[in-house]
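Asker: Predicted structure and sequence below. I'll ask about it afterward.
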Amino acid sequence: MNIPLIMVVLYLLVTTVIGMSFAKKNQNSNQYFVADRSLGIVLIASLLFSEIIAGAGTIGNAASAYQGGLSSVWANWGMCIGCIIFIPLVGKFYRAMAVRHNVQSVPKAYACIFDKRSQILMVVIISIAYVIMYSTQAMAAAAIIAPLLGVEAIVIVWVCTGLFILVTVTGGMKGIAWMNVLHSAVMYLGMFIVAFRAVSSVGGIEVLRASVPSEFFSLTQPNLHTTIANALGTAISFLASANVANATFSAKSLRISNRGILLAGLVVVPFAVCPAIIGICANVALPGISPNNALFSMANSLGSLYGGAVSMAIIAAIWSTAPALLLIISTTMTRDLFKGYLYPQATDLQQMWFSRIVAVVVGVTGTAVGFGASSILDQMLGAFQIRSIVGIVLAVAVFWPRVNKDAAFWSMLGGGAVAVYWQFGGQPFGIAPIWPGALVCLLIMVPITLASREKVSPGFRLYSEAVKEMENMESEASGLSE
């Protein structure tokens, strides 16, 4: 009896049913895209935790740890830092834009404080970044499911792609959020059990440390500047993260949003250590295997139940992320391109149908793009560093009233273009994309801003007014609830 296969199949059936059960509840675009601003702390935390872990936080983390050690955790720890800095730097901005202007996407928020040029540029940047992150999800799932079924991986890749699309077009934001509550519990429980058992199987933590090179337990591998770039790039990119912004848009209030985001970030810290430790254990117990198979192979070597537990945890990470990424891309394309430019009079029903068509097209083409990826973790880190450039611009603009639409647009275009070139150009001179991208961004933004005659830009005035209205509305709502 193939116990891991049975566990995975049953799990997929249950979670797919949970996601699809919300299809009839999505009666309008507000319910579909932002859950009618009804999500509480637990749903916000579960939504974000399971989305930011993804295949990169499980399979990719373990694969990198198998090759280089514990420093692989910085991809996820950078996300924790990102959640923490998001709250004081831009959390209030996104919530105010949602309350005052019914903003439901990051590009639309940029349009409010800057202009429509920045909105279109953000559509392009978000689409590139999120397609990169989505592209490896089906392959990561196939790496687990294909060996269990004894079927060609390419077949499973496309079956998984179909299921990702199905959950996205039926469940919407609330369906994905409830589905991710189960995903989060399964990921946490499965990874901690297997990590503990893996360390025991190799003789304990001291034996493990003695069995691998000393740098495997260093947190600054392969070098300090790359470690800082990965952590900083990931953290800053969260300032323009559609995942975190969507949580802010969908929460009952700013306070609930902040608490949910903080909780999601904090629970990532201990979790990230688990796949890394499992990967290091695999290096000792199973030398010579493919790094991308380290997580499942190590768990399966401990017994079929452990193999099933980690399989479910990996599938949970992937299934919680891929539909959310598709929803983010389709929301962005619908709200900011279709309704914003192509067809401003689009009805709710037309917007939802367009969003679903985009999910199908991006789901298929994104998976095709992923066939050329060599590393799940590297793909994600590159996407984060590209996105970090526009996060820098927003953070500066929220605290420097003088930053105007021209400074924002040209700095995002210049810095973003350099970061994209650096990533797809193979990171020349071994320099991570965030460094040249951020340098060019600031070199453009600062002089244009200083040359402006206005000490306070129109966008900053609009933002200040939106914050006051939001605070008044949420204060009144809090008073009524009490």
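Answerer: Sure thing, it's come through. Residues are numbered from 1 along each chain as shown.
Asker: Could you use CA atoms for every contact and neighbour count after this?
Answerer: Noted.
Asker: which residues of the stretch 1-150 of the chain fall in helices?
Answerer: 3-20, 29-34, 41-53, 61-68, 74-86, 92-101, 106-113, 116-135, 137-149 (DSSP state H, counting those that start in this stretch).
Asker: Go through those helices and name the closest to residue 350.
Answerer: Residue 350 lies closest, by C-alpha to C-alpha, to one member of those: helix 29-34, at 9.4 Å.
Asker: show me where pLDDT drops low in the protein?
Answerer: 1, 18-38, 50-51, 54-56, 171-177, 372-381, 477-482 (pLDDT under 70).
Asker: mind checking the longest helix of this structure?
Answerer: helix 153-201 (DSSP state H).
Asker: what angle separates the strand or helix carrying residue 326 from helix 106-113?
Answerer: Element membership of residue 326, judged by DSSP states H and E, is helix 304-332. Relative orientation of helix 304-332 and helix 106-113, computed by axes from the mean of the first three to the mean of the last three C-alpha atoms, to 10 degrees: 40 degrees.
Asker: start the count at 430, not 1, going forward
Answerer: OK, 430 is where the count begins now, so the last one is helix 733-761.
Asker: Does anything pack onto helix 733-761? Which helices or strands?
Answerer: Other elements packing on helix 733-761 under the criterion 3 or more C-alpha pairs under 8 Å, 6 or more residues apart in numbering; DSSP states H and E are helix 432-449, helix 470-482, helix 545-564, helix 566-578, helix 582-630, helix 671-679, helix 723-730, helix 777-799.
Asker: Redo these as JSON lines? Include mean neighbour count and distance to residue 770.
Answerer: Shown next, in JSON lines, are the helices and strands packed on helix 733-761 (neighbours: other C-alpha atoms under 10 Å; distance: least, C-alpha to C-alpha, whole Å):
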{"stretch": "helix 432-449", "mean neighbour count": "17", "distance to residue 770": "31"}
{"stretch": "helix 470-482", "mean neighbour count": "27", "distance to residue 770": "29"}
{"stretch": "helix 545-564", "mean neighbour count": "22", "distance to residue 770": "10"}
{"stretch": "helix 566-578", "mean neighbour count": "22", "distance to residue 770": "31"}
{"stretch": "helix 582-630", "mean neighbour count": "22", "distance to residue 770": "23"}
{"stretch": "helix 671-679", "mean neighbour count": "27", "distance to residue 770": "20"}
{"stretch": "helix 723-730", "mean neighbour count": "25", "distance to residue 770": "45"}
{"stretch": "helix 777-799", "mean neighbour count": "20", "distance to residue 770": "13"}
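Asker: Export those as a markdown table, with columns for distance to residue 656.
Answerer: Supplementary listing: these in a markdown table, determined by distance: least, C-alpha to C-alpha, whole Å:
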| stretch | distance to residue 656 |
| --- | --- |
| helix 432-449 | 34 |
| helix 470-482 | 18 |
| helix 545-564 | 20 |
| helix 566-578 | 24 |
| helix 582-630 | 24 |
| helix 671-679 | 23 |
| helix 723-730 | 22 |
| helix 777-799 | 25 |
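Asker: Out of the ones you listed, which gets nearest to residue 685?
Answerer: helix 470-482 (5.5 Å).
Asker: If you count contacts, what does that closest one end up packed against?
Answerer: Using 3+ C-alpha pairs under 8 Å, 6+ apart, helix 470-482 is in contact with helix 503-515, helix 582-630, helix 671-679, helix 683-714, helix 733-761.
Asker: Nearest to residue 852, out of those?
Answerer: Between the helices and strands packed on helix 470-482, helix 503-515 lies closest to residue 852; by C-alpha to C-alpha that is 16.3 Å.
Asker: quick revisit: how distant is the helix holding residue 755 from the center of its chain?
Answerer: Taking the mean of its C-alpha atoms, helix 733-761 sits 12 Å from the chain's own mean (C-alpha atoms, centre = their mean, to the nearest Å).
Asker: same question, stretch 491-509
Answerer: When distances are taken as C-alpha atoms, centre = their mean, stretch 491-509 is centred 16 Å away from the chain's centroid.
Asker: what's the span of that stretch from first residue to last?
Answerer: Terminal residues of stretch 491-509 are spaced 18 Å apart (C-alpha to C-alpha, to the nearest Å).
Asker: neighbouring contacts of stretch 830-846?
Answerer: 542-544, 546-547, 550, 554, 815-816, 818-819, 822, 825-826, 865-875, 877-879, 881, 883-889 (C-alpha atoms under 8 Å, 6 or more residues apart in numbering).
Asker: Of the helices and strands packed on helix 733-761, give the one that comes closest to residue 737.
Answerer: Ranked by C-alpha to C-alpha, the member of those that lies closest to residue 737 is helix 432-449, at 3.7 Å.
Asker: Could you check the angle that closest one makes with helix 582-630?
Answerer: 110 degrees.
Asker: which other helices and strands contact helix 432-449?
Answerer: Helix 432-449 packs on helix 566-578, helix 582-630, helix 733-761, going by 3+ C-alpha pairs under 8 Å, 6+ apart.
Asker: Minimum distance to residue 774: which of those has it?
Answerer: helix 733-761 (16.5 Å).
Asker: Okay, buried residues for stretch 695-705 please.
Answerer: For stretch 695-705, burial by neighbour count (16 or more other C-alpha atoms under 10 Å) applies to 695, 697-698, 700-705.
Asker: ok, so of those residues, who is nearest residue 762?
Answerer: Nearest to residue 762 out of these is residue 697 (C-alpha to C-alpha; 29.6 Å).
Asker: which residues touch that closest one?
Answerer: Contacts of residue 697 by C-alpha under 8 Å, 6+ apart are 478, 482, 505-506, 508-509.
Asker: can you list those in TSV and add distance to residue 749?
Answerer: TSV is the format used below for the contacts of residue 697 (distance: C-alpha to C-alpha, whole Å):
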residue	distance to residue 749
478	9
482	9
505	16
506	19
508	16
509	18
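Asker: Show me which of those is closest to residue 571.
Answerer: Nearest to residue 571 among the contacts of residue 697, with distances taken as C-alpha to C-alpha, is residue 482, at 17.5 Å.
Asker: Wait, the closest one touches residue 505, no?
Answerer: Yes - using C-alpha atoms under 8 Å, residue 482 is in contact with residue 505, at 6.9 Å.
Asker: Report the separation between the residue most central in space within the chain and residue 504.
Answerer: In the chain, the C-alpha closest to the average C-alpha coordinate belongs to residue 481, at a distance of 4.2 Å (C-alpha atoms, centre = their mean). Separation of residue 481 from residue 504 (C-alpha to C-alpha) stands at 10 Å.
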